[in-house]
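Novice: Need the 3D shape of this:
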Amino acid sequence: NGEYNLAKLTNASTETRLVALCQDAQWLAYSLGSQFGIIPTQPLQQVNWSFPQRQAPITNLCFVPGTDWLMVNYNVDNSLVEIWDFKQRELVHTIQFDRRITTLAVDPRGRNILACTNGHDQSKMYLLETNQFKVIDEYSLRANARICRFSPDGRTLAIGHQGGQISLWDTTTWDAVHWM
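Specialist: Numbering: from 1, shown residues only. You can find the predicted model right below:
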């Protein structure tokens, strides 16, 4: 019937915290606290690829379009983003940030990763290229970011901020074009 019972599948007593669906809807990633796993959705299978438990609860899961990569973020002293080749079940790369990450997104072409951090003095948005996993630019934000998502064509980025504000960004210039 298309329904999964992750508690039965994973023998876990923890509720599902996060889910991510890859662009072609063939794979579903989930987190159960500090544990994450992958389930193939087509054909519907009761197969579970679980990965090693992390040091802290997972705060973001995000597939990278056009690849077999899953980004996993958890906050220890600072934020750590792991890039996993989920089909090979291998850690490809690790990115360390000096602040806690609140949200991650990947553009629909899979070329750029966006990570937003919140701080006492300043909130920032970091732009990274997926081919080298290096920060290529950073931008200051007026308010703490809670969630960010790219438009389907990748030309606009929407950021939901603490306090109910929303900012829209032109991804060709990386200018904030609208605050509401």
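
Novice: Could I get the pLDDT score of the residue most central in space within the chain?
Specialist: Geometric centre of the chain, nearest residue: residue 62, 3.4 Å, by Cα atoms, centre = their mean. On pLDDT, residue 62 comes in at 92.

Novice: I figured it hits residue 104, correct?
Specialist: Yes. Using Cβ atoms under 8 Å, residue 62 is in contact with residue 104, at 4.9 Å. Where you see a C-beta, it was placed from the backbone N, CA and C, and this is true even at glycine.

Novice: and for those two, which residues touch both?
Specialist: In terms of Cβ atoms under 8 Å, 6 or more residues apart in numbering, residue 62 and residue 104 are both contacted by the residues residue 71.

Novice: returning to what we had before: tell me who's in contact with the residue nearest to the centre of the chain.
Specialist: 20, 70, 71, 104, 105, 106.

Novice: So which of those residues wins on neighbours?
Specialist: Greatest neighbour count in the contacts of residue 62, by other Cβ atoms under 10 Å, goes to residue 71: 25 neighbours.

Novice: any idea whether it is helix, strand or coil?
Specialist: Here residue 71 is strand, with the state taken from DSSP: H, G, I helix; E, B strand; the rest coil.

Novice: hey, what's it bridged with?
Specialist: For residue 71, the beta-bridge partners are residue 62, residue 83 (DSSP bridges).

Novice: For it, give its distance to residue 159.
Specialist: Residue 71 sits 18 Å away from residue 159, going by Cβ to Cβ, to the nearest Å.

Novice: Then residue 137?
Specialist: Applying Cβ to Cβ to residue 137 and residue 159 gives a distance of 15 Å.

Novice: Looking at the two, which is more packed in?
Specialist: More crowded of residue 137 and residue 159, by other Cβ under 10 Å: residue 159, with 26 against 11.

Novice: my read: that one touches residue 141, true?
Specialist: Yes. Counting by Cβ under 8 Å, residue 159 touches residue 141, with 7.1 Å between them.

Novice: sorry, back to before: and the contacts of residue 62, which two are the farthest apart?
Specialist: Using Cβ to Cβ, the pair of the contacts of residue 62 lying farthest apart is 70 and 105, separated by 13.7 Å.

Novice: Pull out the buried positions in stretch 163-180.
Specialist: Judged by neighbour count (16 or more other Cβ atoms under 10 Å), stretch 163-180 contains these buried residues: 165, 167, 169, 171, 176.

Novice: is the third one in a bridge, and if so with what?
Specialist: So that's residue 169. Here residue 169, judged by DSSP bridges, has bridge partners residue 157, residue 176.

Novice: now it: how far from residue 154?
Specialist: Using Cβ to Cβ, residue 169 is found at 11 Å from residue 154.
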